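# sequence plus the predicted model coming up.
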Amino acid sequence: MTDKIFSFIKKYNMISKGDTVICGLSGGADSISLLVVLTEISRKIGFTVKALHVNHCLRGAESDRDENFCRELCKKMNIPFTAVSCDVTAFAQENGLSTEESARILRYKIFAENSSGAKIATAHNANDNIETVIFNLARGSALKGISGIPPVRDNIIRPLLVVSRQEIEEYLRKIGQDYVTDSTNLSDDYTRNKIRHQILPLLSVINPELIETSVNSIDAVRSENSLIEELTENALSECRNGNKLQGLNKFHEVIRKRCIARLLAENSLSYSYDRLIKADKILTDGGKINISGDIFFVSDGHTAELKKIQPDTQPELLSAVLKIGDNSVFSDRILSCEIISCEDLQKINYVHKKLTFYLLDYDKIIGRVIIRNRRFGDRIQLQGRNFTSSVKKLINEKIPAGERDTLYFLEDEKGTVFAEKIGIAQRVAPDSNTVKFLKISVRKK
(Lines give C-alpha, C1' and ligand atoms only; values in the text may rest on other atoms or scores of the structure.)
Protein backbone atom coordinates (compact mmCIF):
# COMPACT_ATOMS: atom_id res chain seq x y z
CA MET A 1 0.00 0.00 0.00
CA THR A 2 2.83 2.38 0.83
CA ASP A 3 4.35 1.96 -2.65
CA LYS A 4 0.97 2.72 -4.29
CA ILE A 5 0.58 5.89 -2.21
CA PHE A 6 4.18 6.92 -2.89
CA SER A 7 3.58 6.63 -6.67
CA PHE A 8 0.37 8.65 -6.33
CA ILE A 9 2.21 11.39 -4.43
CA LYS A 10 4.84 11.59 -7.18
CA LYS A 11 2.21 11.55 -9.97
CA TYR A 12 0.53 14.67 -8.60
CA ASN A 13 3.68 16.35 -7.26
CA MET A 14 2.14 16.54 -3.81
CA ILE A 15 5.29 16.75 -1.70
CA SER A 16 8.81 18.05 -2.32
CA LYS A 17 11.99 17.74 -0.35
CA GLY A 18 12.05 20.17 2.58
CA ASP A 19 8.24 20.51 2.82
CA THR A 20 6.32 20.47 6.08
CA VAL A 21 3.27 18.24 5.83
CA ILE A 22 0.58 18.50 8.52
CA CYS A 23 -1.55 15.39 8.78
CA GLY A 24 -5.21 15.98 9.64
CA LEU A 25 -5.48 13.39 12.39
CA SER A 26 -8.94 12.33 13.61
CA GLY A 27 -7.87 9.05 15.19
CA GLY A 28 -9.84 6.92 12.72
CA ALA A 29 -8.32 4.21 10.56
CA ASP A 30 -7.87 6.48 7.52
CA SER A 31 -6.01 9.29 9.26
CA ILE A 32 -3.91 6.94 11.39
CA SER A 33 -2.74 5.06 8.29
CA LEU A 34 -2.03 8.40 6.58
CA LEU A 35 0.18 9.48 9.49
CA VAL A 36 2.09 6.20 9.52
CA VAL A 37 2.57 6.13 5.73
CA LEU A 38 3.64 9.81 5.58
CA THR A 39 6.21 9.14 8.30
CA GLU A 40 7.60 6.23 6.28
CA ILE A 41 7.63 8.13 2.98
CA SER A 42 9.23 11.19 4.62
CA ARG A 43 12.43 9.18 4.93
CA LYS A 44 12.51 8.72 1.15
CA ILE A 45 11.64 12.27 0.10
CA GLY A 46 12.93 14.27 3.05
CA PHE A 47 10.08 16.27 4.56
CA THR A 48 8.76 17.03 8.05
CA VAL A 49 5.57 15.43 9.36
CA LYS A 50 3.31 17.10 11.95
CA ALA A 51 -0.21 16.29 13.14
CA LEU A 52 -3.29 18.45 13.70
CA HIS A 53 -6.45 17.20 15.46
CA VAL A 54 -9.77 19.06 15.26
CA ASN A 55 -12.10 18.28 18.18
CA HIS A 56 -15.62 19.07 16.95
CA CYS A 57 -17.03 18.64 20.48
CA LEU A 58 -20.03 16.71 19.12
CA ARG A 59 -19.73 13.41 20.99
CA GLY A 60 -18.81 14.41 24.54
CA ALA A 61 -16.41 11.95 26.18
CA GLU A 62 -15.93 10.10 22.89
CA SER A 63 -14.57 13.26 21.23
CA ASP A 64 -12.13 13.76 24.11
CA ARG A 65 -11.13 10.10 23.86
CA ASP A 66 -10.22 10.57 20.20
CA GLU A 67 -8.11 13.64 20.95
CA ASN A 68 -6.21 11.86 23.73
CA PHE A 69 -5.62 8.83 21.51
CA CYS A 70 -4.08 11.04 18.82
CA ARG A 71 -1.96 12.91 21.33
CA GLU A 72 -0.54 9.70 22.84
CA LEU A 73 0.17 8.17 19.43
CA CYS A 74 2.07 11.26 18.25
CA LYS A 75 4.02 11.30 21.51
CA LYS A 76 4.96 7.66 20.91
CA MET A 77 5.97 8.38 17.26
CA ASN A 78 7.77 11.61 18.23
CA ILE A 79 5.57 13.71 15.91
CA PRO A 80 4.66 17.33 16.81
CA PHE A 81 0.96 17.43 17.72
CA THR A 82 -1.63 20.25 17.88
CA ALA A 83 -5.27 19.95 18.95
CA VAL A 84 -7.91 22.64 18.30
CA SER A 85 -11.51 22.56 19.55
CA CYS A 86 -14.53 24.18 17.89
CA ASP A 87 -18.26 24.45 18.64
CA VAL A 88 -19.93 22.92 15.59
CA THR A 89 -23.43 22.94 17.10
CA ALA A 90 -23.39 26.69 17.79
CA PHE A 91 -21.95 27.46 14.34
CA ALA A 92 -24.66 25.35 12.67
CA GLN A 93 -27.44 27.16 14.55
CA GLU A 94 -26.00 30.62 13.88
CA ASN A 95 -25.61 30.01 10.14
CA GLY A 96 -28.57 27.75 9.40
CA LEU A 97 -26.36 24.87 8.25
CA SER A 98 -26.35 21.12 8.83
CA THR A 99 -23.98 19.59 11.37
CA GLU A 100 -22.02 17.90 8.57
CA GLU A 101 -21.52 21.09 6.58
CA SER A 102 -20.67 23.14 9.69
CA ALA A 103 -18.06 20.60 10.79
CA ARG A 104 -16.49 20.67 7.33
CA ILE A 105 -16.35 24.48 7.20
CA LEU A 106 -14.82 24.81 10.67
CA ARG A 107 -12.37 21.97 10.06
CA TYR A 108 -10.96 23.57 6.90
CA LYS A 109 -10.89 26.98 8.59
CA ILE A 110 -8.73 25.48 11.36
CA PHE A 111 -6.56 23.75 8.75
CA ALA A 112 -5.97 27.10 7.01
CA GLU A 113 -5.17 28.90 10.29
CA ASN A 114 -2.61 26.27 11.30
CA SER A 115 -0.84 25.53 8.00
CA SER A 116 0.91 28.74 6.96
CA GLY A 117 3.86 27.78 4.76
CA ALA A 118 2.99 24.08 5.06
CA LYS A 119 0.82 21.49 3.35
CA ILE A 120 -2.23 19.85 4.88
CA ALA A 121 -2.73 16.14 4.17
CA THR A 122 -6.29 14.84 4.59
CA ALA A 123 -7.19 11.16 4.74
CA HIS A 124 -9.83 10.95 2.01
CA ASN A 125 -9.61 7.53 0.38
CA ALA A 126 -11.03 5.81 -2.72
CA ASN A 127 -14.27 4.95 -0.92
CA ASP A 128 -14.76 8.59 0.07
CA ASN A 129 -14.18 9.57 -3.54
CA ILE A 130 -16.85 7.33 -5.06
CA GLU A 131 -19.25 8.30 -2.25
CA THR A 132 -18.73 11.94 -3.25
CA VAL A 133 -19.36 11.14 -6.91
CA ILE A 134 -22.60 9.28 -6.11
CA PHE A 135 -23.71 12.05 -3.72
CA ASN A 136 -23.14 14.75 -6.37
CA LEU A 137 -24.76 12.66 -9.08
CA ALA A 138 -27.85 12.08 -6.92
CA ARG A 139 -28.19 15.81 -6.19
CA GLY A 140 -27.75 16.69 -9.86
CA SER A 141 -24.29 17.43 -11.17
CA ALA A 142 -22.40 17.87 -14.42
CA LEU A 143 -18.89 16.62 -15.19
CA LYS A 144 -17.21 18.88 -12.64
CA GLY A 145 -19.30 17.46 -9.80
CA ILE A 146 -18.58 13.84 -10.70
CA SER A 147 -14.83 14.41 -11.01
CA GLY A 148 -14.56 13.47 -7.36
CA ILE A 149 -12.28 14.90 -4.70
CA PRO A 150 -9.24 16.70 -6.15
CA PRO A 151 -5.88 15.11 -5.18
CA VAL A 152 -4.38 18.61 -4.78
CA ARG A 153 -6.20 21.87 -4.05
CA ASP A 154 -4.18 24.88 -2.94
CA ASN A 155 -2.02 23.57 -0.05
CA ILE A 156 -4.27 20.57 0.63
CA ILE A 157 -3.12 17.13 -0.53
CA ARG A 158 -4.95 13.79 -0.40
CA PRO A 159 -2.44 10.94 -0.76
CA LEU A 160 -4.93 8.14 0.11
CA LEU A 161 -7.34 8.68 -2.81
CA VAL A 162 -5.67 5.78 -4.59
CA VAL A 163 -6.37 3.17 -1.87
CA SER A 164 -9.60 1.67 -0.53
CA ARG A 165 -10.86 1.60 3.04
CA GLN A 166 -10.39 -2.18 3.02
CA GLU A 167 -6.72 -1.80 2.04
CA ILE A 168 -6.26 0.74 4.83
CA GLU A 169 -7.76 -1.50 7.51
CA GLU A 170 -5.76 -4.51 6.30
CA TYR A 171 -2.59 -2.41 6.40
CA LEU A 172 -3.23 -1.36 10.00
CA ARG A 173 -3.97 -4.95 11.03
CA LYS A 174 -0.74 -6.07 9.40
CA ILE A 175 1.40 -3.56 11.31
CA GLY A 176 -0.62 -3.98 14.53
CA GLN A 177 -1.73 -0.35 14.77
CA ASP A 178 -4.91 0.53 16.71
CA TYR A 179 -7.36 3.29 15.83
CA VAL A 180 -10.62 4.71 17.19
CA THR A 181 -14.11 4.48 15.66
CA ASP A 182 -16.49 7.43 15.42
CA SER A 183 -19.89 6.11 16.53
CA THR A 184 -21.73 8.45 14.13
CA ASN A 185 -20.12 6.59 11.21
CA LEU A 186 -22.07 3.46 12.19
CA SER A 187 -25.55 4.98 11.74
CA ASP A 188 -27.53 5.95 8.65
CA ASP A 189 -28.55 9.33 10.07
CA TYR A 190 -26.34 11.21 7.62
CA THR A 191 -26.81 11.11 3.85
CA ARG A 192 -23.24 9.97 3.20
CA ASN A 193 -23.66 7.07 5.58
CA LYS A 194 -26.67 5.91 3.58
CA ILE A 195 -24.47 5.81 0.50
CA ARG A 196 -21.71 4.04 2.42
CA HIS A 197 -23.87 1.41 4.13
CA GLN A 198 -26.64 0.84 1.60
CA ILE A 199 -25.77 1.95 -1.94
CA LEU A 200 -22.11 0.91 -2.24
CA PRO A 201 -22.76 -2.67 -1.03
CA LEU A 202 -25.49 -3.03 -3.69
CA LEU A 203 -23.18 -1.71 -6.42
CA SER A 204 -20.45 -4.07 -5.22
CA VAL A 205 -22.77 -6.99 -5.96
CA ILE A 206 -22.73 -5.88 -9.60
CA ASN A 207 -18.98 -5.27 -9.56
CA PRO A 208 -16.99 -6.77 -6.66
CA GLU A 209 -14.00 -4.64 -7.73
CA LEU A 210 -16.08 -1.45 -7.60
CA ILE A 211 -13.71 0.63 -5.44
CA GLU A 212 -10.58 -0.42 -7.33
CA THR A 213 -12.06 0.28 -10.77
CA SER A 214 -13.54 3.58 -9.60
CA VAL A 215 -10.03 4.94 -8.98
CA ASN A 216 -9.19 4.79 -12.70
CA SER A 217 -12.67 5.89 -13.80
CA ILE A 218 -12.68 8.97 -11.59
CA ASP A 219 -9.11 9.77 -12.63
CA ALA A 220 -10.19 9.71 -16.30
CA VAL A 221 -13.17 11.99 -15.60
CA ARG A 222 -10.92 14.32 -13.61
CA SER A 223 -8.44 14.56 -16.51
CA GLU A 224 -11.21 15.35 -19.00
CA ASN A 225 -12.63 17.97 -16.64
CA SER A 226 -9.17 19.55 -16.32
CA LEU A 227 -9.01 19.89 -20.11
CA ILE A 228 -12.42 21.58 -20.19
CA GLU A 229 -11.36 23.92 -17.37
CA GLU A 230 -8.25 24.88 -19.35
CA LEU A 231 -10.33 25.59 -22.47
CA THR A 232 -12.76 27.59 -20.33
CA GLU A 233 -9.91 29.72 -18.96
CA ASN A 234 -8.74 30.42 -22.52
CA ALA A 235 -12.25 31.39 -23.64
CA LEU A 236 -12.73 33.71 -20.66
CA SER A 237 -9.40 35.43 -21.21
CA GLU A 238 -10.46 36.13 -24.80
CA CYS A 239 -14.13 37.03 -24.28
CA ARG A 240 -14.67 38.39 -20.78
CA ASN A 241 -14.58 42.06 -19.85
CA GLY A 242 -15.89 42.53 -16.31
CA ASN A 243 -19.46 41.22 -16.33
CA LYS A 244 -19.63 41.16 -20.13
CA LEU A 245 -18.99 38.19 -22.43
CA GLN A 246 -18.28 39.18 -26.03
CA GLY A 247 -17.89 36.71 -28.89
CA LEU A 248 -18.37 33.66 -26.67
CA ASN A 249 -20.99 32.17 -29.00
CA LYS A 250 -18.27 30.89 -31.35
CA PHE A 251 -17.16 28.35 -28.73
CA HIS A 252 -18.64 24.91 -28.03
CA GLU A 253 -21.73 24.93 -25.80
CA VAL A 254 -19.87 23.07 -23.01
CA ILE A 255 -17.31 25.90 -22.85
CA ARG A 256 -20.02 28.57 -23.11
CA LYS A 257 -21.94 27.13 -20.16
CA ARG A 258 -18.77 26.83 -18.06
CA CYS A 259 -18.00 30.49 -18.77
CA ILE A 260 -21.53 31.57 -17.83
CA ALA A 261 -21.35 29.46 -14.65
CA ARG A 262 -18.03 31.11 -13.73
CA LEU A 263 -19.48 34.57 -14.31
CA LEU A 264 -22.48 33.84 -12.09
CA ALA A 265 -20.43 32.18 -9.35
CA GLU A 266 -17.97 35.07 -9.17
CA ASN A 267 -20.93 37.42 -8.68
CA SER A 268 -22.25 35.18 -5.84
CA LEU A 269 -25.26 34.18 -7.93
CA SER A 270 -26.62 30.64 -7.65
CA TYR A 271 -27.56 28.64 -10.73
CA SER A 272 -28.87 25.26 -11.79
CA TYR A 273 -28.16 23.21 -14.90
CA ASP A 274 -31.54 24.23 -16.34
CA ARG A 275 -30.71 27.89 -15.79
CA LEU A 276 -27.38 27.47 -17.58
CA ILE A 277 -29.15 25.91 -20.57
CA LYS A 278 -31.57 28.86 -20.74
CA ALA A 279 -28.75 31.40 -20.31
CA ASP A 280 -26.73 29.71 -23.06
CA LYS A 281 -29.71 29.89 -25.46
CA ILE A 282 -30.06 33.60 -24.71
CA LEU A 283 -26.31 34.05 -25.21
CA THR A 284 -26.57 32.75 -28.78
CA ASP A 285 -30.11 33.85 -29.75
CA GLY A 286 -30.51 37.09 -27.77
CA GLY A 287 -32.99 38.00 -25.02
CA LYS A 288 -32.89 38.12 -21.25
CA ILE A 289 -33.43 35.83 -18.27
CA ASN A 290 -33.92 36.72 -14.63
CA ILE A 291 -31.08 35.34 -12.49
CA SER A 292 -32.00 36.68 -9.05
CA GLY A 293 -34.06 39.63 -7.88
CA ASP A 294 -33.35 42.55 -10.22
CA ILE A 295 -30.31 40.90 -11.86
CA PHE A 296 -30.79 39.67 -15.42
CA PHE A 297 -28.56 37.93 -17.98
CA VAL A 298 -29.03 39.94 -21.19
CA SER A 299 -27.71 39.27 -24.70
CA ASP A 300 -28.04 40.69 -28.22
CA GLY A 301 -26.71 37.46 -29.74
CA HIS A 302 -23.10 38.63 -29.68
CA THR A 303 -22.46 40.40 -26.37
CA ALA A 304 -23.99 39.09 -23.15
CA GLU A 305 -23.82 40.69 -19.70
CA LEU A 306 -25.26 40.76 -16.20
CA LYS A 307 -27.51 43.78 -15.75
CA LYS A 308 -29.70 45.21 -13.02
CA ILE A 309 -33.23 45.77 -14.31
CA GLN A 310 -35.90 46.98 -11.91
CA PRO A 311 -39.38 45.80 -13.00
CA ASP A 312 -42.13 48.39 -12.58
CA THR A 313 -44.25 46.10 -10.39
CA GLN A 314 -41.40 44.73 -8.28
CA PRO A 315 -41.79 45.36 -4.51
CA GLU A 316 -38.81 46.39 -2.40
CA LEU A 317 -36.30 43.54 -2.49
CA LEU A 318 -35.78 42.02 0.96
CA SER A 319 -33.58 39.00 1.63
CA ALA A 320 -31.22 37.34 4.12
CA VAL A 321 -29.46 34.01 4.58
CA LEU A 322 -31.79 31.60 6.38
CA LYS A 323 -30.72 30.61 9.91
CA ILE A 324 -31.97 27.79 12.05
CA GLY A 325 -34.23 29.57 14.55
CA ASP A 326 -36.10 32.86 14.08
CA ASN A 327 -35.73 34.88 10.86
CA SER A 328 -37.35 38.08 9.67
CA VAL A 329 -37.20 40.41 6.68
CA PHE A 330 -40.56 42.00 7.55
CA SER A 331 -41.22 44.29 10.52
CA ASP A 332 -44.25 42.44 11.90
CA ARG A 333 -43.79 38.72 11.14
CA ILE A 334 -41.22 36.03 11.98
CA LEU A 335 -40.37 32.88 10.07
CA SER A 336 -39.05 30.12 12.33
CA CYS A 337 -37.25 27.01 11.17
CA GLU A 338 -35.80 24.00 12.90
CA ILE A 339 -34.36 20.66 11.89
CA ILE A 340 -36.24 17.68 13.28
CA SER A 341 -35.93 13.91 12.97
CA CYS A 342 -38.61 11.31 12.24
CA GLU A 343 -39.04 10.62 15.96
CA ASP A 344 -39.37 14.33 16.73
CA LEU A 345 -41.98 14.64 13.97
CA GLN A 346 -44.28 12.14 15.67
CA LYS A 347 -44.12 14.16 18.89
CA ILE A 348 -44.69 17.47 17.08
CA ASN A 349 -47.71 16.15 15.19
CA TYR A 350 -49.18 14.98 18.49
CA VAL A 351 -48.56 18.17 20.47
CA HIS A 352 -49.20 20.76 17.76
CA LYS A 353 -52.34 19.43 16.13
CA LYS A 354 -53.84 22.90 15.67
CA LEU A 355 -50.71 24.73 14.52
CA THR A 356 -49.87 25.25 10.86
CA PHE A 357 -46.38 24.50 9.69
CA TYR A 358 -44.60 23.22 6.59
CA LEU A 359 -42.15 20.31 6.33
CA LEU A 360 -39.34 20.05 3.78
CA ASP A 361 -36.85 17.22 3.28
CA TYR A 362 -33.68 18.90 4.57
CA ASP A 363 -31.31 16.66 2.56
CA LYS A 364 -33.02 17.58 -0.73
CA ILE A 365 -32.22 21.27 -0.33
CA ILE A 366 -29.35 22.38 -2.59
CA GLY A 367 -26.74 24.68 -1.04
CA ARG A 368 -27.43 27.90 0.84
CA VAL A 369 -31.05 28.92 1.56
CA ILE A 370 -32.23 32.52 1.20
CA ILE A 371 -35.31 33.94 2.97
CA ARG A 372 -36.94 36.75 0.98
CA ASN A 373 -40.10 38.40 -0.25
CA ARG A 374 -41.61 37.60 -3.65
CA ARG A 375 -39.73 38.33 -6.88
CA PHE A 376 -40.76 39.17 -10.41
CA GLY A 377 -40.85 35.95 -12.43
CA ASP A 378 -41.04 33.54 -9.44
CA ARG A 379 -42.15 30.04 -10.41
CA ILE A 380 -42.62 26.85 -8.38
CA GLN A 381 -43.60 23.22 -9.00
CA LEU A 382 -45.81 22.60 -5.99
CA GLN A 383 -45.82 19.35 -4.04
CA GLY A 384 -47.95 16.73 -5.78
CA ARG A 385 -47.93 18.48 -9.17
CA ASN A 386 -46.02 17.57 -12.33
CA PHE A 387 -45.96 21.08 -13.78
CA THR A 388 -44.48 24.46 -12.85
CA SER A 389 -46.76 27.35 -11.96
CA SER A 390 -46.35 31.12 -11.97
CA VAL A 391 -46.23 32.36 -8.39
CA LYS A 392 -47.89 35.59 -9.48
CA LYS A 393 -50.88 33.62 -10.80
CA LEU A 394 -51.11 31.52 -7.63
CA ILE A 395 -50.95 34.61 -5.41
CA ASN A 396 -53.60 36.43 -7.43
CA GLU A 397 -55.89 33.40 -7.07
CA LYS A 398 -55.41 32.78 -3.35
CA ILE A 399 -53.98 35.79 -1.51
CA PRO A 400 -55.68 39.16 -0.77
CA ALA A 401 -53.87 42.08 -2.41
CA GLY A 402 -52.86 43.62 0.92
CA GLU A 403 -50.92 40.52 1.97
CA ARG A 404 -49.03 39.72 -1.25
CA ASP A 405 -45.92 41.84 -0.65
CA THR A 406 -45.28 40.40 2.82
CA LEU A 407 -45.33 36.69 2.01
CA TYR A 408 -42.22 34.71 2.93
CA PHE A 409 -40.33 32.79 0.27
CA LEU A 410 -37.35 30.45 0.56
CA GLU A 411 -35.00 29.64 -2.30
CA ASP A 412 -31.97 27.37 -2.57
CA GLU A 413 -29.41 27.24 -5.39
CA LYS A 414 -31.94 25.60 -7.73
CA GLY A 415 -34.87 27.96 -7.14
CA THR A 416 -37.94 28.49 -4.97
CA VAL A 417 -38.61 25.74 -2.41
CA PHE A 418 -41.26 27.43 -0.22
CA ALA A 419 -43.95 30.04 -0.77
CA GLU A 420 -45.96 31.07 2.27
CA LYS A 421 -49.69 30.23 2.10
CA ILE A 422 -49.04 28.48 -1.23
CA GLY A 423 -46.87 25.47 -0.41
CA ILE A 424 -43.51 23.75 -0.90
CA ALA A 425 -41.74 22.58 -4.04
CA GLN A 426 -42.18 18.97 -5.15
CA ARG A 427 -38.41 18.41 -5.31
CA VAL A 428 -38.02 19.04 -1.55
CA ALA A 429 -41.17 17.20 -0.49
CA PRO A 430 -40.61 14.59 2.26
CA ASP A 431 -41.03 10.92 1.35
CA SER A 432 -40.48 7.50 2.94
CA ASN A 433 -36.70 7.98 2.77
CA THR A 434 -36.67 11.32 4.60
CA VAL A 435 -34.38 11.36 7.65
CA LYS A 436 -34.28 15.06 8.53
CA PHE A 437 -37.11 17.57 8.13
CA LEU A 438 -36.86 21.35 7.90
CA LYS A 439 -39.90 22.62 9.80
CA ILE A 440 -41.11 26.08 8.73
CA SER A 441 -43.71 28.19 10.57
CA VAL A 442 -44.68 31.86 10.44
CA ARG A 443 -46.02 33.96 13.32
CA LYS A 444 -46.65 37.58 14.18
CA LYS A 445 -44.10 39.46 16.29
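Looks like it arrived, so ask away. A quick note: this is a predicted structure, and the numbers were derived from the prediction, not measured. Residues are numbered from 1 along each chain as shown.

# please count neighbours and contacts with C-alpha atoms only from this point.
OK.

# now the strands: where do they sit in the stretch 51-200 of the chain?
81-85, 119-121, 152-153, 156-157 (DSSP state E, counting those that start in this stretch).

# possible to save these as TSV with distance to Ser7, mean neighbour count and mean pLDDT?
TSV is the format used below for these (distance: least, Cα to Cα, whole Å; neighbours: other Cα atoms under 10 Å; pLDDT from 0 to 100):
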stretch	distance to Ser7	mean neighbour count	mean pLDDT
strand 81-85	27	16	94
strand 119-121	16	26	96
strand 152-153	15	14	92
strand 156-157	14	23	96
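
# of those, which is nearest Val133?
Nearest to Val133, of all the strands of the stretch 51-200 of the chain, is strand 152-153, at 16.9 Å by Cα to Cα.

# can you tell me the strand partners of the closest one and which way each runs?
Strand 152-153 has its sheet partners listed here by DSSP bridges as strand 156-157 (antiparallel).

# contact partners for the residue nearest to the spatial centre of the chain?
Using Cα atoms, centre = their mean, the residue of the chain that lies closest to the mean C-alpha position is Gly367, 6.3 Å off. Neighbouring residues of Gly367 by Cα atoms under 8 Å, 6 or more residues apart in numbering: 412-413.

# which stretch among the strands of the stretch 51-200 of the chain comes nearest Tyr358?
The closest of the strands of the stretch 51-200 of the chain to Tyr358 is strand 81-85. By Cα to Cα, the value is 35.5 Å.

# please name every helix or strand in contact with the closest one.
Other helices and strands packing on strand 81-85, by 3 or more Cα pairs under 8 Å, 6 or more residues apart in numbering; DSSP states H and E, are strand 48-55, helix 61-77.

# mind running it again at 6 Å?
For strand 81-85, the elements it packs on are strand 48-55, judged by 3 or more Cα pairs under 6 Å, 6 or more residues apart in numbering; DSSP states H and E.

# contact partners of the strand it packs on?
The contact list for strand 48-55 (Cα atoms under 6 Å, 6 or more residues apart in numbering) reads 20-26, 79-85.

# list the residues that contact Asn95.
Asn95 makes contact with Lys323 under the criterion Cα under 6 Å, 6+ apart.

# ok, then the element right after the one helix or strand in the chain whose mean pLDDT sits lowest?
When each helix and strand of the chain is scored by mean pLDDT, DSSP states H and E, helix 342-351 comes last, with a mean of 58. Sequence order places strand 358-361 as the next helix or strand after helix 342-351, per DSSP states H and E.

# picking up where we left off before, turn the strands of the stretch 51-200 of the chain into a markdown table, including distance to Val49.
Conversion of the strands of the stretch 51-200 of the chain to a markdown table gives the following (distance: least, Cα to Cα, whole Å):
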| stretch | distance to Val49 |
| --- | --- |
| strand 81-85 | 10 |
| strand 119-121 | 10 |
| strand 152-153 | 18 |
| strand 156-157 | 13 |
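
# wait, isn't Phe47 in contact with Ile15?
No. Checked against Cα atoms under 6 Å, the pair Phe47 and Ile15 is beyond contact range at 7.9 Å.

# with neighbour numbers in mind, choose between these two.
More crowded of Phe47 and Ile15, by other Cα atoms under 10 Å: Ile15, with 20 against 17.

# give me the nearest residue to that one, chain neighbours excluded.
Distances taken as Cα to Cα, 6 or more residues apart in numbering place Ile9 nearest to Ile15, at 6.8 Å, with adjacent residues excluded.

# what about the one you found, neighbour count?
Residues lying near Ile9 (other Cα under 10 Å) number 21.

# helix, strand, or coil at it?
Assigned by DSSP: H, G, I helix; E, B strand; the rest coil, the conformation of Ile9 is helix.

# which residues in the stretch 301-445 of the chain form helices?
342-351, 391-398 (DSSP state H, counting those that start in this stretch).

# and what of the stretch 1-150 of the chain?
For the stretch 1-150 of the chain, applying DSSP H, counting those that start in this stretch gives helices covering 2-11, 29-45, 61-77, 88-95, 99-113, 126-139.

# quick one: which of the ones you listed is nearest Ser328?
Per Cα to Cα, nearest to Ser328 of these: helix 88-95, 14.2 Å.

# now the closest one: buried residues?
Buried residues in helix 88-95, counted by 16 or more other Cα atoms under 10 Å: 88-89, 91-93.

# possible to save these as JSON lines with distance to Phe297?
Output for the buried residues of helix 88-95, formatted as JSON lines (distance: Cα to Cα, whole Å):
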{"residue": "Val88", "distance to Phe297": "38"}
{"residue": "Thr89", "distance to Phe297": "38"}
{"residue": "Phe91", "distance to Phe297": "35"}
{"residue": "Ala92", "distance to Phe297": "33"}
{"residue": "Gln93", "distance to Phe297": "34"}
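
# no further questions, thank you.
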